[in-house]
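Student: Structure for this input, please:
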Amino acid sequence: MQLLTQTSPTTYQQQFDEKADRLKTQFNTLYTGQWNTYSSQHSYYRARAEFGVWHDNDDLHYAMFEPGSRTPVFIKHFDIANMAINNLMPQLIEAIRPNPMLRQRLFQVEFLSTKAGDMLVTLIYHKRIDDTWLAEAQPLAESLGIKLIGRSRKVKLPTSEDQVKETLTVNGNQFHYFQAEGGFSQPNPEVAEKMIEWALEQTTEIGGDLLELYCGNGNFTIPLSRQFNKVLATEISKTSVNLGLKNFAANNVDNAQIIRMSSEEFTDAMNETRAFRRMKDTDLKSFDFSTIFVDPPRAGLDEGTLALTRSFDHILYISCNPETLHRDLEALSDQYEITKMAFFDQFPYTHHAESGAMLKRR
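Tutor: Numbering: from 1, shown residues only. As a prediction, the model looks like this:
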């Protein structure tokens, strides 16, 4: 994700205000009410980071590249990432540097951490790795107190489990989420907590059942399950579905289920235009849906899913792309009023803006 030129904490408030004002202007023909705006920590806020590895004879450096440039920028300290990642970075590179098995053909390092400092690191190679690599990586992982994974073409070698357990505190309640290497997780956990709190506030006292599309690992599903009688969630990623089921168990959620299918497939199922074996044990007619919650990819809602939302009295929409959010809200404006909008600064010092909208049938 491309950063803006100025990433100093002293410029943060100005950049935050400018993004918030841009969003308010963009949506002012659809919504003139008060926005909820949620800022980020100014530094040390990302729980994920990835770097290229630059080889200089026997020396190694973390490296990033400016867009369009092949000249590396060496990274010794990365104040966008949290302190756990920053503290580990020099220890890891120093441990790898003298070890030919771990150093040779290493080209990328990925960090996945939690608020409590639990750490999963992936080393990615342009060579085939095997048990010889694992024999060198195991003591390294133990000495640093981390979980370590080696990857090369069609090979994945974990030194231990390939997951970390994040705990988010929302309105004084703790929710636990297993997050996996290669799976999606919110990069800014403090802002993720604010997003969940906002979603809960918008759906208080609605009641009935909830349909959630694009549910990921259950980030929103689990807290929202406390506010609805039943929750039916869908997700296309097999990794996320498996994590979601594990997270349901970790949080004692017994009124929600996940079906692995795309939003387009689920729309066909709801419209009874196509039958799916994956839904043979799910009776859609047993649900009393009051609300649909969507958190789609940057492309927004496809036409079929957009049409599906019109069968619900309440629509909760989280978006990572203001342009497609505006398009979809405009399409729904003939039947729905927007009761609240929000801006969540998941990605400080970038042009990216996470936003939310709550809609109610007119």
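
Student: What segments of the stretch 201-350 of the chain are helices?
Tutor: Along the stretch 201-350 of the chain, counting by DSSP state H, counting those that start in this stretch, helices occupy 221-224, 238-250, 263-270, 303-309, 322-332.

Student: Who does the helix or strand where residue 178 lies pair with, and is each partner parallel or antiparallel?
Tutor: Taking DSSP states H and E as the definition, residue 178 sits inside strand 173-180. Using DSSP bridges, the strands paired with strand 173-180 are strand 163-170 (antiparallel).

Student: so the partner strand versus helix 238-250, what angle?
Tutor: For strand 163-170 against helix 238-250, the angle by axes from the mean of the first three to the mean of the last three CA atoms, to 10 degrees is 60 degrees.

Student: which residues touch the residue lying closest to residue 52 once chain neighbours are set aside?
Tutor: Sequence neighbours aside, residue 63 is the residue nearest to residue 52 in space, at 4.6 Å (criterion: CB to CB, 6 or more residues apart in numbering). C-beta: built from backbone N, CA, C; applies to glycine. Listed by CB atoms under 8 Å, 6 or more residues apart in numbering, the contact set of residue 63 reads 51-54, 72-75.

Student: tell me which residues form a beta bridge with residue 63?
Tutor: According to DSSP bridges, the residues that bridge with residue 63 are residue 52, residue 74.

Student: Retrieve the pLDDT associated with it.
Tutor: Each residue has a pLDDT score; the one for residue 63 is 96.

Student: if we can go back for a sec, now neighbour count, distance to residue 323 and pLDDT too, for the contacts of residue 63, in TSV please.
Tutor: Output for the contacts of residue 63, formatted as TSV (neighbours: other CB atoms under 10 Å; distance: CB to CB, whole Å; pLDDT from 0 to 100):
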residue	neighbour count	distance to residue 323	pLDDT
51	19	30	97
52	17	30	96
53	20	35	97
54	17	35	96
72	16	33	92
73	13	30	93
74	11	35	95
75	16	31	95
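
Student: ends of stretch 33-41, how far apart?
Tutor: Chord length of stretch 33-41, first to last residue, is 26 Å (CA to CA, to the nearest Å).

Student: hmm, who's touching that stretch?
Tutor: Stretch 33-41 is contacted from outside by 12-13, 16, 20, 23-24, 188, 190-191, 194-195, 198, 338-346, 348, using CB under 8 Å, 6+ apart.

Student: Give me the distance from that stretch to the chain's centre.
Tutor: Offset of stretch 33-41 from its chain centre (CA atoms, centre = their mean, to the nearest Å): 19 Å.

Student: what does stretch 217-236 give?
Tutor: On CA atoms, centre = their mean, the centre of stretch 217-236 falls 15 Å from the chain's centre.

Student: before we move on, back to that, quick one, which of the helices of the stretch 201-350 of the chain gets closest to residue 98.
Tutor: Closest to residue 98 of those is helix 238-250 (CB to CB; 34.5 Å).
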